[in-house]
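Enquirer: following is a predicted model, sequence given first.
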Amino acid sequence: MSPISRGLNGTVDQPLQTASLESALSFRRVMRKNIFARRWCSLLALDYSNYEVIVVNDRSTDRTGQIMDEVAASSQARGLLKVIHISELPAGWLGKTHAMWTASQHASGDWLLFTDADVFFKPDSLRRAVAYAEAERADHVVLFRA
């Protein structure tokens, strides 16, 4: 295990170990290609060595699914982005919870990060969140902008 370092503000800065992470996201609204690509640039450019990004196209009726597939096939995605398309919602399920469950079934890592399409990530946000969770021996961490 590598040591934990703390930043100037006292927050944990380095993970104890390299853990893989999955990001499960649900999209259901209209998104233009440039907005989608810009927002995903931040998630696809994290300074974390072992993660995958799983996005769920939750029954969108516009070009969202096509745009997701185009971004996943681009060189910018670096093979990190996997797209899952949901065409029907099973009886008894709500859309967002079903999308999250579906993505989690395709995930292969130790940690899951659930986020929305309109979130921008700083390059160190994932590394710092995992380091904090490991340092605190947490089973669950919730992050929000203060």
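Expert: Done, it's in.
Enquirer: burial measure for the nearest residue to residue 141 once chain neighbours are set aside, as a count.
Expert: In space, not counting the residues next to it along the chain, residue 141 is nearest to residue 133; the distance is 4.7 Å by Cβ to Cβ, 6 or more residues apart in numbering. (Each C-beta comes from the backbone N, C-alpha and C, glycine too.) When counting by other Cβ atoms under 10 Å, one arrives at 19 neighbours for residue 133.
Enquirer: assign residue 133 to helix, strand or coil.
Expert: Under DSSP: H, G, I helix; E, B strand; the rest coil, residue 133 falls in the helix class.
Enquirer: quick check: it vs residue 61, distance?
Expert: Using Cβ to Cβ, to the nearest Å, one gets 37 Å for the distance from residue 133 to residue 61.
Enquirer: cool, and residue 110?
Expert: In this structure, residue 110 and residue 61 are 35 Å apart, going by Cβ to Cβ.
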